[in-house]
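Peer 1: Fold the following, please.
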Amino acid sequence: MQVPAGDLLKKINSPSDLKQFSEDDLEQISQELRQYIIDVVSVNGGHFGASLGVVELTTALHYVLNTPYDQLVWDVGHQAYGHKILTGRRDNFHTNRIYGGLSGFPKRSESEYDTFGVGHSSTSISAALGMAVASHYKGETDRQHVAVIGDGAMTAGMAFEALNHAGIANSNLLVILNDNNMSIDPNVGALKEYLADITTSKPYNSFRADIGYVLSKLSAIGPDALKYAKKIEKSIKGTLLKQSNLFEALRFRYFGPIDGHDVKHLVKVLRDLRDIPGPKLLHCVTVKGKGYALAEKDQTKWHAPGLFDKITGEIKKTYYEKPQPPKYQDVFGHTIIELAEQNPKIMGITPAMPSGCSLNLMMKAMPDRAFDVGIAEQHAVTFSAGLASQGMVPFCNIYSSFMQRAFDQVVHDVAIQKLNVVLCLDRAGFAGADGPTHHGAYDLAYMRCIPNLTVSAPMNEEELRNLMFTAQQENAGPFVIRYPRGNGVMVDWQRPMKAIPIGKGRKICDGEEVAILSIGAIGNEVVKATAELNNEGYYPAHYDLRFVKPLDEAMLHEVFTKYSKVITVEDGCLDGGAGSAVLEFMANNKYKAEVIRLGVPDAVIEHGEQPELWAECGFDAAGIMRTVKSIGINQNRHIIAS
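Peer 2: Predicted coordinates for the structure are as follows:
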């Protein structure tokens, strides 16, 4: 639903329009921009608190910079709603994250103002540095390059790798550290404490209030004056705040901390920094959810609250007459506590997603056995491997698409050493409105090629619990369990757990002529399809693979002995996925059958609700039915009893 913009905001269709206003107007523009985000997100959904926290910073950046010639890179992109609205997308903003509408993240194909596509954290400094080096090579010495990165994203090693390089590249790069002590959940670790020390150091903050202005003026006098001023500043900073050498040791000019909600002061500081050469870091202190009291108070809850009443703050929920199945993430969260109560070796690990994956339940119940390691997927996996090497059984929960960042650690630190690390991949398959940066489309393919791994996918909540129970058994070895975002299919899901023989699939129903092989929760779409097909006189068999590595070879021998037509269904990429594994088995065993694979094609699938994306790719229940009918089987035959 489209909503009206404020009196000033409705006149802004590009940063050039913004520049027509006086600095005195910027506070009102910021207020209107914040209100517009509240108005739209309350009725359409989306990420919320992060964009509210950078309204003034966004306004100031586009007011001072010559975007898109000056290149602005947003880290992660949760905070880029204001940026989209000010860069010509205001009237389409109501389509944000809706199938066929605007992306919820910056996207190069969407706008020239989106200089770099993002979705995963900690990439902005590397990207902006690459742009700065390219501009220097092309002689574009007047071009500015700005990376806006949150303090949560700063915990990833990639951010420090980029800072380390930027310090010697001496390029025209400004890193803005948006310090709000939050990612989705509260930040953790030593960096958080370090930034707090800077923010609360009164002598240092008194000194830094003037030094930026002085340096910008001295740069106009000449390089010698600037050189000596830098030496004096460095000496004083070292005396006032011993920790100040973190960024400066990496050869960045450090400025701040400053109030990230004072738009007029931000404009002044950004103009001054524009005239200072070399790599610079501006430390802005902001409040996630700024301007909406409830979002400021509970920042995790209001990161992406869904639809809500903007006046009362009531988050709108769908009420059902009957109990509904739980989310898979909550099944994981409750089950790991049950297992840990029985097995003192179990520990839980997540990289900055405790509420997203529901490990926060264990962190509350067993704080000495559950760890949020910050946005650091590589560290999370190797930390888990270290625990496993000492006899622990770590359940490392990482979103499927984020696990891509730790592939080497899975190979080198887990699989080669045959360590019993249980990798729980949440958000496998389509992630919905978060789009292609968050779709977990590749895990089956990139995990099944690694030796020593067991790779599994439960079809429902009971299967998830049983696989978790199986994975913590002695000698289970490296174990992968992948499951989707959203709700399951069972109301009565808290059943006693039992071990599943590793590599053993199951037959859901017998049939005639054609067999459907599914892996994971998408098998429930097959169940829907077969029920409807039975009503129409078609009787396909249905097998749940459960494991893509190792495959249930006995079950596959049965399938290829009985059926000449086989359909595979997976909510992952077709190239290298479960269907490919079945084809490999068929070729290796010299079977001959007509095999049709349904899954994610070799293409980038955009954002939308999961059923919309399943339908687009042809593996929802309707697509499965079409495929069965097209494969040339007879209708109205009697089913053979199994």
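Peer 1: The closest residue to Leu423 other than its chain neighbours: which element?
Peer 2: Once flanking residues are discounted, Leu423 sits nearest to Val480: 4.8 Å by CB to CB, 6 or more residues apart in numbering. Any C-beta I mention is one placed from the backbone N, CA and C, and that applies to glycine too. Taking DSSP states H and E as the definition, one finds Val480 inside strand 479-484.
Peer 1: Could you spell out the sheet neighbours of that strand, each with its direction?
Peer 2: strand 422-428 (parallel), strand 454-456 (parallel) (DSSP bridges).
Peer 1: Give me the mean pLDDT for that strand.
Peer 2: The average pLDDT for strand 479-484 rounds to 98.
Peer 1: do stretch 509-525 as well
Peer 2: 97.
Peer 1: Check stretch 41-55 too.
Peer 2: For stretch 41-55, mean pLDDT is 90.
Peer 1: Domain-wise, how is the chain divided?
Peer 2: 9-201+241-297, 329-484, 506-630 (automatic domain parsing).
Peer 1: Quick one, which of these gets closest to Met497.
Peer 2: domain 329-484 (3.9 Å; CB to CB).
Peer 1: Okay, now that closest one: how far is its last residue from its first?
Peer 2: Criterion CA to CA, to the nearest Å; first-to-last residue distance in domain 329-484 is 8 Å.
Peer 1: Over to stretch 253-265?
Peer 2: The straight-line separation of the ends of stretch 253-265 (CA to CA) is 19 Å.
Peer 1: Sort out which residues of that stretch are buried, please.
Peer 2: In terms of neighbour count (16 or more other CB atoms under 10 Å), stretch 253-265 has its buried residues at 253-258, 260-261, 263.
Peer 1: Out of those, show me where the pLDDT dips lowest.
Peer 2: Lowest pLDDT within the buried residues of stretch 253-265 is found at Gly256 (85).
Peer 1: So that residue lies in a strand, does it not?
Peer 2: Yes - the assignment for Gly256 by DSSP: H, G, I helix; E, B strand; the rest coil puts it in a strand.
Peer 1: where exactly do the helices run in the stretch 101-250 of the chain?
Peer 2: 124-137, 157-169, 190-200, 202-221, 223-240, 245-248 (DSSP state H, counting those that start in this stretch).
Peer 1: hey, least reliable of those helices by pLDDT?
Peer 2: Among the helices of the stretch 101-250 of the chain, helix 202-221 has the lowest mean pLDDT, at a mean of 54.
Peer 1: returning to that earlier point: could you dump the buried residues of stretch 253-265 to a markdown table with distance to Ile567?
Peer 2: Converted to a markdown table, the buried residues of stretch 253-265 look like this (distance: CB to CB, whole Å):
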| residue | distance to Ile567 |
| --- | --- |
| Arg253 | 61 |
| Tyr254 | 60 |
| Phe255 | 61 |
| Gly256 | 59 |
| Pro257 | 59 |
| Ile258 | 60 |
| Gly260 | 54 |
| His261 | 56 |
| Val263 | 58 |
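Peer 1: quick one: which of those residues is nearest Lys549?
Peer 2: Looking across the buried residues of stretch 253-265 and measuring by CB to CB, the closest to Lys549 is Gly260, at 47.8 Å.
Peer 1: Within the helices and strands, which one has the nearest residue to Ala5 once chain neighbours are set aside?
Peer 2: Among residues not flanking Ala5 along the chain, Tyr36 sits closest, at 5.4 Å (CB to CB, 6+ apart). Here Tyr36, judged by DSSP H and E, is contained in helix 26-44.
Peer 1: Looking only at that helix, what residues are buried by neighbour count?
Peer 2: Within helix 26-44, the residues scored as buried using 16+ other CB under 10 Å are 26, 29-44.
Peer 1: how about the helices in the stretch 301-450 of the chain?
Peer 2: Assigned helices in the stretch 301-450 of the chain, in chain order: 328-342, 354-357, 360-365, 377-389, 400-403, 407-409, 443-448 (criterion: DSSP H, counting those that start in this stretch).
Peer 1: Average pLDDT for stretch 170-184, rounded please.
Peer 2: Throughout stretch 170-184, pLDDT has a mean value of 83.
Peer 1: Keeping just the C-alphas, turn it into CSV.
Peer 2: As requested, the backbone C-alpha atoms of stretch 170-184 are provided in CSV (Å, rounded to 0.1, in the frame of the first residue of the first chain):
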residue,chain,number,x,y,z
ASN,A,170,46.4,5.3,0.8
SER,A,171,43.3,5.7,-1.3
ASN,A,172,40.6,8.3,-1.0
LEU,A,173,38.4,6.2,1.3
LEU,A,174,36.1,7.2,4.1
VAL,A,175,34.8,4.4,6.4
ILE,A,176,31.8,5.4,8.5
LEU,A,177,31.5,3.2,11.6
ASN,A,178,27.8,3.2,12.5
ASP,A,179,28.1,2.4,16.2
ASN,A,180,24.7,1.4,17.8
ASN,A,181,25.9,-1.7,19.8
MET,A,182,23.6,-3.9,17.7
SER,A,183,23.4,-6.2,14.8
ILE,A,184,20.2,-8.1,14.9
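Peer 1: chain center to the strand holding Val480: distance?
Peer 2: How far strand 479-484 lies from its chain's middle: 17 Å, per CA atoms, centre = their mean, to the nearest Å.
Peer 1: what angle do it and helix 328-342 make?
Peer 2: Counting by axes from the mean of the first three to the mean of the last three CA atoms, to 10 degrees, strand 479-484 points 150 degrees away from the direction of helix 328-342.
Peer 1: Give me the contacts around strand 479-484.
Peer 2: Applying CB atoms under 8 Å, 6 or more residues apart in numbering, the external contacts of strand 479-484 come out as 328, 332, 400, 420-430, 440, 443-444, 447, 453-458, 464, 467-468, 470-471, 520-522, 571, 610.
Peer 1: Can you list the low-confidence ranges for this structure?
Peer 2: Applying pLDDT under 70 to the chain flags residues 182-190, 192-193, 196-245, 636-642.
Peer 1: Paired strands for the biggest strand by length in it, with orientation please.
Peer 2: Once the chain is assigned using DSSP state E, the strand that runs over the most residues is strand 565-573. On the basis of DSSP bridges, the sheet neighbours of strand 565-573 come out as strand 514-518 (parallel), strand 594-600 (parallel).
Peer 1: nearest to Ser109, of these?
Peer 2: Per CB to CB, nearest to Ser109 of those: strand 594-600, 19.4 Å.
Peer 1: buried set for the closest one?
Peer 2: Per 16+ other CB under 10 Å, strand 594-600 contains these buried residues: 595-600.
Peer 1: Stretch 45-54 now?
Peer 2: By neighbour count on 16+ other CB under 10 Å, the buried set for stretch 45-54 is 45-54.
Peer 1: Same check on stretch 411-423?
Peer 2: 411, 413-415, 419-423.
Peer 1: which among these gets closest to Leu18?
Peer 2: Leu423 (46.2 Å).
Peer 1: Need the three-state assignment for Gly623.
Peer 2: Applying three-state DSSP: Gly623 is helix.
Peer 1: contacting residues for it?
Peer 2: Gly623 touches 598, 614-615, 617, counting by CB under 8 Å, 6+ apart.
Peer 1: related to what we said a few turns ago, who does the residue nearest to Leu423 bridge with?
Peer 2: In this entry, Val480 is beta-bridged to Leu423, Val455, by DSSP bridges.
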